[in-house]
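K.L.:
Take a look and give me a structure for this.
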Amino acid sequence: MIRNLYDWVLRLADHPNALWFLAIIAFIESSVFPIPPDVLMIPMIIARPSRAWLIAGVALVASVLGGLLGYSIGALAFDTLGQPILAMLGKADAMAEFNTRFNDLGFWAVLGAGITPFPFKVITIMSGWTGMPLGTFIITSILARGIRFFVVAGLLWQFGAPIRDFIERRLGLVFTLCLLLLIGGFVATRYL
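P.N.:
Now for the predicted structure:
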């Protein structure tokens, strides 16, 4: 099923309304959809490198707005919508333990999930459920998703199609390394 969804998303990249499809996918991926918008961004940018920054910007705005939907699900409808979504993703058992530590990690949890392949929807729903301050959530979501989408756009804009295989095979590694560099920068700033 996931493979069929993945192939369907790739076909959308060739459509004349691909930017709208990207916005919709980035929006719903932040709250319920299992396929990340990168899958649509990559072929769109390879086809039209001059639009790389526009494509990344659309993904960023739509993803943050979708994150607000996820936050709302967690804050207002956790029992009826949020819990079943998290259960479907196999995260239901860890919810109670996660809730106790989540707001202590708040900024880092949202940043990590926004950059890495960890399902961002889990964090958006948990942010609302645990009552994370909305301002912290929005700022961190913008930072995290901006890093993620603009790094992909920058790599594709600079290196073109050859980087596509690398990104698709090692997407998790690329974003984990970016996250570690970002955390290292914050730690270095704090202790210097």
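
K.L.:
Going by C-alpha atoms from here, please, whenever you check contacts or count neighbours.
P.N.:
Fine.

K.L.:
hey, which helix or strand in the protein has the poorest pLDDT?
P.N.:
Among the helical and strand segments of the chain, the one scoring lowest on mean pLDDT, DSSP states H and E is helix 162-191, with a mean of 61.

K.L.:
where does the protein have low pLDDT?
P.N.:
By pLDDT under 70, the low-scoring segments of the chain are 1-10, 82, 89, 91-101, 103, 105-106, 116-118, 161, 163-192.

K.L.:
Which stretches in it count as helices?
P.N.:
Ranges of helices within the chain are 2-12, 18-29, 38-47, 52-76, 83-88, 95-115, 120-130, 134-159, 162-191, based on DSSP state H.

K.L.:
Tell me which residues of the fourth one come out buried.
P.N.:
Taking 16 or more other CA atoms under 10 Å as the neighbour-count basis, helix 52-76 is seen to contain the buried residues 52-53, 55-75.

K.L.:
can you check the second one too?
P.N.:
Residues of helix 18-29 classed as buried under the neighbour-count rule (16+ other CA under 10 Å) are A18, L19, F21, L22, A23, I24, I25, A26, F27, I28, E29.

K.L.:
That one to helix 38-47, inter-axis angle?
P.N.:
Using axes from the mean of the first three to the mean of the last three CA atoms, to 10 degrees, the direction of helix 18-29 lies 160 degrees away from that of helix 38-47.

K.L.:
For helix 18-29, name the packing helices and strands.
P.N.:
In terms of contacts (3 or more CA pairs under 8 Å, 6 or more residues apart in numbering; DSSP states H and E), helix 18-29 is packed against helix 38-47, helix 52-76.

K.L.:
Using PDB, list the CA coordinates for it.
P.N.:
Extracted in PDB, the C-alpha atoms of helix 18-29 (Å, rounded to 0.1, in the frame of the first residue of the first chain):
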ATOM      1  CA  ALA A  18       2.000  20.100  -9.000                       C
ATOM      2  CA  LEU A  19       2.600  23.100  -6.600                       C
ATOM      3  CA  TRP A  20      -1.000  22.800  -5.300                       C
ATOM      4  CA  PHE A  21      -0.500  19.000  -4.900                       C
ATOM      5  CA  LEU A  22       2.700  19.600  -3.000                       C
ATOM      6  CA  ALA A  23       0.900  22.100  -0.700                       C
ATOM      7  CA  ILE A  24      -1.900  19.600  -0.100                       C
ATOM      8  CA  ILE A  25       0.500  16.700   0.600                       C
ATOM      9  CA  ALA A  26       2.800  18.900   2.800                       C
ATOM     10  CA  PHE A  27      -0.300  20.100   4.700                       C
ATOM     11  CA  ILE A  28      -1.800  16.600   5.400                       C
ATOM     12  CA  GLU A  29       1.600  14.900   6.000                       C
END
